[in-house]
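In: Sequence first, predicted coordinates after that:
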Amino acid sequence: MLNRRNFLSKSTIATLAMLFGTSFTRKKIQAQAVPQNGAKSGPLVISTWNHGLAANEAAMEVILKGGRAVDAAEAGVKIPEADPEITSVGYGGLPDRDGKVTLDACIMDEKGNAGSVCFLENILHPISVARLVMDTTPHVMLAGSGALQFALENGFKKKNLLTKEAKKAWEEWKTESKYQPVPNIENHDTIGLIAIDQHGNISGACTTSGMAFKIHGRVGDSPIIGAGLFVDNAVGGATATGTGELVMRTLGSFLVVELMRNGYTPQKACEEAVNRIVKSGINLKEHQVGYIAVNKAGETGAFCIQPGFNYALFKNGENVLIDSGSYL
């Protein structure tokens, strides 16, 4: 019986020559400050937003102990999933218009295997449920009550994810019940993370509680392979954040990886993916979409629609926060 679905053919794995030290530092630098000279790098972790700093540290700890990139990616995003102060991922996430916290997540490894859950409630770590879908079933995605049933049957415990603070925000929102997502709100959104381990293998993870006060049942790009996340171990990986509907319409993460396959640098690939959205004619000031990417050589890139998106990069022993370039 199949236990995974393979999206990509097996590829030759390049060995990376240089390994990191173990020091963890945090500082803020401007976009394009990280050298992108095409040289091969050692282990690397890149992730979205401020909460990516802590996620990167957890991921790099796994890598430096010899762990696989997929293990690092899962460990990294579990940090914001469990942080009640982060209102857009997991526990503490703002609910939908019915007061329900619903979660989406996906994971992809170096062999092209993928697992995903969407519209999942009451589970602290949806990324780990997605990992179990990938590792133990012939499927890629489980949804809603079926995903919850699968989680409970495999030892996960129910947890009320609606914190007092999130419930208060929801009750205040109900006075007008106006659905109008604010770009870059509180500098939080989806956590998407791409990791390269000591063997040069690439994997990624993406997890979110979605847009605040969305229609009950709404699913964004985060659990969709090719939209919120895509990895090809022979080429690189990419992940997205922001208005999921715009990412889904363009299969943004898949697009970024395919552009890199065809010779684009990660930076140019992210820029072109944003340009595809820009050309659709949307009101750019009402939306934010940001992409991050890394290729097999360890070059990185990021780009977004409007200023305000930043990402965390752990490379060469430093964990730094970088302001992304933007179209506007």
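Out: In hand now; what should we look at?
In: any chance you could map the strands in the stretch 151-300 of the chain?
Out: 191-196, 202-208, 229-232, 236-242, 289-295, 300-304 (DSSP state E, counting those that start in this stretch).
In: quick one: which of these is nearest Gly42?
Out: strand 191-196 (8.2 Å; Cβ to Cβ). The way it works is simple: take the backbone N, C-alpha and C, and place the C-beta from them, glycine included.
In: List the strands paired with the closest one, with their directions.
Out: Taking DSSP bridges as the criterion, strand 191-196 sits next to strand 44-48 (antiparallel), strand 202-208 (antiparallel) in its sheet.
In: Report the angle between the last one and strand 289-295.
Out: When you say that, I think you mean strand 202-208. 160 degrees (axes from the mean of the first three to the mean of the last three Cα atoms, to 10 degrees).
In: And strand 202-208, what's buried?
Out: 202-208 (16 or more other Cβ atoms under 10 Å).
In: would a markdown table of those residues with pLDDT and distance to Ser324 be doable?
Out: Shown next, in a markdown table, are those (pLDDT from 0 to 100; distance: Cβ to Cβ, whole Å):
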| residue | pLDDT | distance to Ser324 |
| --- | --- | --- |
| Ile202 | 98 | 20 |
| Ser203 | 98 | 22 |
| Gly204 | 98 | 18 |
| Ala205 | 98 | 20 |
| Cys206 | 98 | 17 |
| Thr207 | 98 | 20 |
| Thr208 | 97 | 18 |
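In: quick check, nearest of those residues to Leu94?
Out: Looking across the buried residues of strand 202-208 and measuring by Cβ to Cβ, the closest to Leu94 is Thr208, at 11.0 Å.
In: ok, the one residue sitting closest to the centre of the chain - contacts?
Out: With distances taken as Cα atoms, centre = their mean, the chain has Gly192 as the residue nearest its mean C-alpha position (1.4 Å). Neighbour list for Gly192: 47-48, 204-206, 222, 228-229, 239-241, 292 [criterion: Cβ atoms under 8 Å, 6 or more residues apart in numbering].
In: what about 10 Å?
Out: 46-49, 52, 55, 73, 77, 106, 204-208, 221-222, 228-229, 237-241, 253, 290-292, 311 (Cβ atoms under 10 Å, 6 or more residues apart in numbering).
In: Ranking helices and strands of the chain by mean pLDDT, which lands last?
Out: Lowest by mean pLDDT, DSSP states H and E among the helices and strands of the chain is strand 26-29, with a mean of 37.
In: JSON lines for the buried residues of strand 202-208, including distance to Leu120?
Out: Output for the buried residues of strand 202-208, formatted as JSON lines (distance: Cβ to Cβ, whole Å):
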{"residue": "Ile202", "distance to Leu120": "26"}
{"residue": "Ser203", "distance to Leu120": "21"}
{"residue": "Gly204", "distance to Leu120": "19"}
{"residue": "Ala205", "distance to Leu120": "15"}
{"residue": "Cys206", "distance to Leu120": "14"}
{"residue": "Thr207", "distance to Leu120": "10"}
{"residue": "Thr208", "distance to Leu120": "11"}
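In: circling back: distance of the nearest residue to the residue nearest to the centre of the chain once chain neighbours are set aside from Pro266?
Out: Nearest residue to Gly192, sequence neighbours excluded (Cβ to Cβ, 6 or more residues apart in numbering): Thr239, at 3.0 Å. Distance, Thr239 to Pro266, by Cβ to Cβ, to the nearest Å: 12 Å.
In: between those two, who's got more neighbours?
Out: Thr239 (35 against 28; other Cβ atoms under 10 Å).
In: give me every residue that touches that one.
Out: Thr239 neighbours (Cβ under 10 Å, 6+ apart): 46-48, 73, 106, 108, 190-194, 204-206, 221-222, 227-231, 247, 252-253, 256, 290-294, 311.
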